[in-house]
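Trainee: sequence first, predicted model second:
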Amino acid sequence: MIKRIYLILVIILLLLLPCSIIKISAQEITIPNINVSKEKPIGTLKIKKININENLYNIDSPRNNIEEHITILKESTFPDLLILAAHSGEGKIAYFEHLDDLKLNDEIKVKYNNKTYIYFVKDIFEQKKDGYININKEDNDQLILTTCSPKHNGYQLIINCIKKESIY
Amino acid sequence: MFFFSIFLSNIFITTVHAESFYEAEYISDIYMNKHQVSTNTTLYQQARVFRESGTNKMAFCLEPFRFFDESKPYSPTITPRNLTPEQIDRISKIAHFGHGYKDHITMKWYAITQMMIWQAADPINDYYFTDVLNGNRINLYQNEIQEVNNLIREYETLPSFNNTSYTIVEGNKLIIEDHNNVISSFKSNDINLIDNRIILDNLRSGEYTYTFTKQDNFYNHPTIFYQSNESQNLMETGDLSDLQASFKVKVMNTKIELSKIDKDTQSTIPTGEASLDRAIYKLYDTNDNLINTFTIKDNQAVLNNLNFGKYYLIEDTPGVGYTLDTNKYEINLTEDNPVIQLVLENKVIEKEITIEKKYGDNNNLMNEQDISFNIFNNKNELIDTVITNEHGIIELKLPYGKYKVIQLNSKEGYSKVEPFTIEVNNTTPEKIELKDLRIPVPNTHTSNKLSLLQLIFQIIIILL
């Protein structure tokens, strides 16, 4: 019986460990110009073509977590450069499961602070997965969407988008 | 002239038989004195007419102090030996415009003509009218004398443009006005005369001489002088020799030849994708009147047969890819300088371009040194390879055109920038920032959390 109780405690401890790690990581990322409540969404990402309409959370928020939501990477300097990552594959959090369905010139909307930023897809490419993505910073405001390539194992899919307009 | 020659021939043929003259009728109420200064002798007479025997043509005395002997023969000539050419000319004209000319038909005109001939033939002595025979000097017939002198002067007056040379440019009209108002009394076959003006048009380049002739055929024979060794010389009135006037016209071609070159290369070959052609120029006169607008073609333009004078040439629109030449070119077309060649330079549009190459993540960018780029022109020809310095910077100048830039290498782990285009169509310096970002990303494959839970539950089931 004691042995069983010990095993149950070990299991609970193992279950709690990843969540703690994620919390610590989330507290380290900041985006200076995104300064609202850490718990409430700061905006939304809307890609009609692949049925994405998801909240975005402050870069400091614990909810800005790839295991829960679409994540704003800390290298983002919105609106100059916004880099969003999310899971592909299967499951509830695989928000970018169909990211590879996007084509050039498809439209993507980011709503932030009552303003809608409309982007269009400029480049679609893949890079071998090594924990990084290599991108060129454009002169225009830029949105990067990235996820694991659904079609090529070991590759990262990168969608480079350029801002077309902003609507209040 | 032909007529004149034939006439003289006839005279000399007929002089085989010597001519003779006689003193004919007196002219009533006209008295004349002749005073010889050297001998202080005065001869007085009533005016009396000389006539040729046989024909009864009137004649005039040429030697006032030599006695007439009607028995002596005379020989005709047009070059009397004791008169100068000027005297011959003057006496001929007095006789022509004196008695017998138009309404000068009364006999007083004979006396007036004789008086004027004496004064011309022997001017050192004194001749005058008197109130009675050997009477007192009177100023008789002064108006008539003045009239004869005026007729002579008018006859001698040539058009104001006589012996003048004109130079015009081919294609231009020349209008010459005779300020002496006598051109209408002259004749010419190839002149368009309107009122008092000569109009010449459509003349090709070359030199032309225009001649006008005044002819007087009132008597239909020349003035004839009769000489005798033993009696006073005489003369008969005749027509005057033809009078000629002329002017010259030189018709020239003018040309302004313009050629365009690139200012930097001093070549007619344009730089980059620029074009020296299709530049538009405007030509103004010194009063700022627009004379011509023309376009450069095949690097050149030619303006033919512009009038002599000063002009100013200004570039209105440069060729594509070149900056406007703001110089004002003075052009002076003259007879001595009818062909002007001008080389016009244009500076190609050049842009100073700075390429700044950086790498890192978006929050920590570093200068990227020793990165090479190939630059290709619009024909995909490699025109340059450039390398970033220690500051990650390339500075270069590119002439007008479109260029493709391709990055050749990169730092390890970093990708190259996509080939990009530089378009040079103005001189404003341009800075191109190239940032290769290497952004860490989390694992974006489907979360492993569920698999781990499944694994844990499987372990629990096994353990339980």
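Mentor: Nice, thanks for sending it over.
Trainee: please count neighbours and contacts with C-alpha atoms only from this point.
Mentor: Noted.
Trainee: can you give me the buried ones in stretch B:72-91?
Mentor: Residues of stretch B:72-91 classed as buried: B:72-77, B:80, B:87-88, B:90-91 (neighbour count, 16 or more other CA atoms under 10 Å in any protein chain shown).
Trainee: got those as JSON lines, with secondary structure columns?
Mentor: Compiled in JSON lines, these are given as follows (DSSP: H, G, I helix; E, B strand; the rest coil):
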{"residue": "B:K72", "secondary structure": "coil"}
{"residue": "B:P73", "secondary structure": "coil"}
{"residue": "B:Y74", "secondary structure": "strand"}
{"residue": "B:S75", "secondary structure": "strand"}
{"residue": "B:P76", "secondary structure": "strand"}
{"residue": "B:T77", "secondary structure": "strand"}
{"residue": "B:P80", "secondary structure": "coil"}
{"residue": "B:Q87", "secondary structure": "helix"}
{"residue": "B:I88", "secondary structure": "helix"}
{"residue": "B:R90", "secondary structure": "helix"}
{"residue": "B:I91", "secondary structure": "helix"}
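Trainee: for the residues you listed, which one is nearest chain A?
Mentor: B:R90 (103.0 Å; CA to the nearest CA).
Trainee: quickly find the element holding the spatially closest residue to the closest one that is not a sequence neighbour.
Mentor: In space, and not counting its chain neighbours, B:R90 is closest to B:A120: 6.9 Å by CA to CA, 6 or more residues apart in numbering or on different chains. Taking DSSP states H and E as the criterion, the element that holds B:A120 is helix B:108-121.
Trainee: thinking again about what came up before, ok, the residue nearest to B:R90 to chain A distance?
Mentor: 108 Å (CA to the nearest CA, to the nearest Å).
Trainee: also B:T84?
Mentor: Taken as CA to the nearest CA, the span from B:T84 to chain A is 106 Å.
Trainee: could you do B:A274 as well?
Mentor: For B:A274, the distance to chain A - CA to the nearest CA - is 28 Å.
Trainee: pretty sure that residue sits against B:G401.
Mentor: Yes - under the criterion of CA atoms under 8 Å, B:A274 makes contact with B:G401 at 6.9 Å.
Trainee: now do the strands in chain A.
Mentor: Secondary structure of chain A (DSSP state E): strands at A:41-47, A:52-57, A:71-72, A:81-85, A:107-112, A:115-128, A:132-137, A:142-148, A:155-167.
Trainee: nearest to chain B, out of the ones you listed?
Mentor: Going by CA to the nearest CA, the one of the strands of chain A nearest chain B is strand A:132-137, 4.1 Å.
Trainee: show me how far that closest one is from its chain's centre.
Mentor: 15 Å (CA atoms, centre = their mean, to the nearest Å).
Trainee: what about the residue nearest the centre of chain B, which SS state?
Mentor: A centroid search over chain B (CA atoms, centre = their mean) returns B:I168, at 3.5 Å, as the residue closest to the centre. Classification of B:I168 using three-state DSSP returns strand.
Trainee: now swap in B:T265 and tell me
Mentor: From three-state DSSP, the assignment for B:T265 is coil.
Trainee: and it, how far is that from chain A?
Mentor: 35 Å.
Trainee: before we move on, the earlier item: how close does the residue nearest to the centre of chain B get to chain A?
Mentor: 65 Å.
Trainee: what residues are bridge-paired with the residue nearest to that residue when sequence neighbours are not counted?
Mentor: Counting by CA to CA, 6+ apart, B:I168 lies nearest to B:V251, which is 5.0 Å off, once chain neighbours are set aside. Beta-bridge pairing for B:V251 (DSSP bridges): B:I168, B:G206.
Trainee: B:L193 versus B:V251, what's the distance?
Mentor: 19 Å (CA to CA, to the nearest Å).
Trainee: how about B:G238?
Mentor: Distance from B:G238 to B:L193, by CA to CA: 30 Å.
Trainee: who has more neighbours out of those two?
Mentor: B:G238 (20 against 17; other CA atoms under 10 Å in any protein chain shown).
Trainee: surely the more buried one meets B:P222?
Mentor: Yes - if you go by CA under 8 Å, B:G238 and B:P222 touch, sitting 4.2 Å apart.
Trainee: now the chain, which segments are flagged as low pLDDT?
Mentor: Defaulting to chain A. Scanning chain A for pLDDT under 70 picks out A:1-38.
Trainee: if you could check chain B rather than the one you did, that'd help
Mentor: B:1-17, B:446-464.
Trainee: longest strand in it, please.
Mentor: strand B:21-36.
Trainee: from the chain's centre, how far out does whichever helix or strand comes after it sit?
Mentor: Downstream of strand B:21-36, the first helix or strand assigned by DSSP H and E is strand B:41-52. Its chain's C-alpha centre and that of strand B:41-52 lie 61 Å apart, by CA atoms, centre = their mean.
Trainee: tell me the angle of strand B:41-52 relative to strand B:21-36?
Mentor: 160 degrees (axes from the mean of the first three to the mean of the last three CA atoms, to 10 degrees).
Trainee: buried set for strand B:41-52?
Mentor: Buried, per 16+ other CA under 10 Å, within strand B:41-52: B:44-52.
Trainee: mind putting these into TSV with distance to chain A?
Mentor: Formatted as TSV, the buried residues of strand B:41-52 follow (distance: CA to the nearest CA, whole Å):
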residue	distance to chain A
B:Y44	125
B:Q45	125
B:Q46	125
B:A47	122
B:R48	123
B:V49	121
B:F50	121
B:R51	121
B:E52	121
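Trainee: one step back: need the residues touching each of B:A274 and B:G401.
Mentor: B:G321 (CA atoms under 8 Å, 6 or more residues apart in numbering or on different chains).
Trainee: my guess is A:E97 contacts A:G89, does it?
Mentor: Yes - taking CA under 8 Å as the definition, A:E97 is a contact partner of A:G89 at 5.3 Å.
Trainee: mutual contacts of those two, please.
Mentor: With CA under 8 Å, 6+ apart as the test, A:E97 and A:G89 both reach A:P150.
Trainee: more neighbours: which of these two?
Mentor: A:E97 (23 against 20).
Trainee: just the strands from the stretch 351-464 of chain B, written as ranges.
Mentor: B:364-367, B:372-376, B:382-387, B:393-399, B:401-407, B:420-424, B:430-440 (DSSP state E, counting those that start in this stretch).
Trainee: what's the closest of those strands to B:T157?
Mentor: strand B:393-399 (71.8 Å; CA to CA).
Trainee: what angle sits between that closest one and strand B:430-440?
Mentor: 140 degrees.
Trainee: stretch B:362-381 and chain A in contact?
Mentor: Yes - under the criterion of CA under 8 Å from any CA of the partner chain, chain A is reached by stretch B:362-381 at B:362-363.
Trainee: in that stretch, what counts as buried?
Mentor: Quick answer for stretch B:362-381 (16+ other CA under 10 Å): B:362, B:367-377.
Trainee: which ones are touching A:T147?
Mentor: A:T147 neighbours (CA under 8 Å, 6+ apart): A:85-88, A:96, A:99, A:156-158, B:444-445.
Trainee: run the last query once more with 10 Å
Mentor: A:84-89, A:94-100, A:126, A:155-159, B:441-446 (CA atoms under 10 Å, 6 or more residues apart in numbering or on different chains).
Trainee: show me which of those are buried.
Mentor: Buried, going by 16+ other CA under 10 Å: A:84-89, A:94-100, A:126, A:155-159, B:441-446, out of the contacts of A:T147.
Trainee: so A:N113 makes contact with A:G43?
Mentor: Yes - if you go by CA atoms under 10 Å, A:N113 and A:G43 touch, sitting 6.9 Å apart.
Trainee: more neighbours: these two, which one.
Mentor: Neighbours per residue, other CA under 10 Å: of A:N113 and A:G43, the larger number sits with A:G43, 18 against 11.
Trainee: cool, thanks, talk later.
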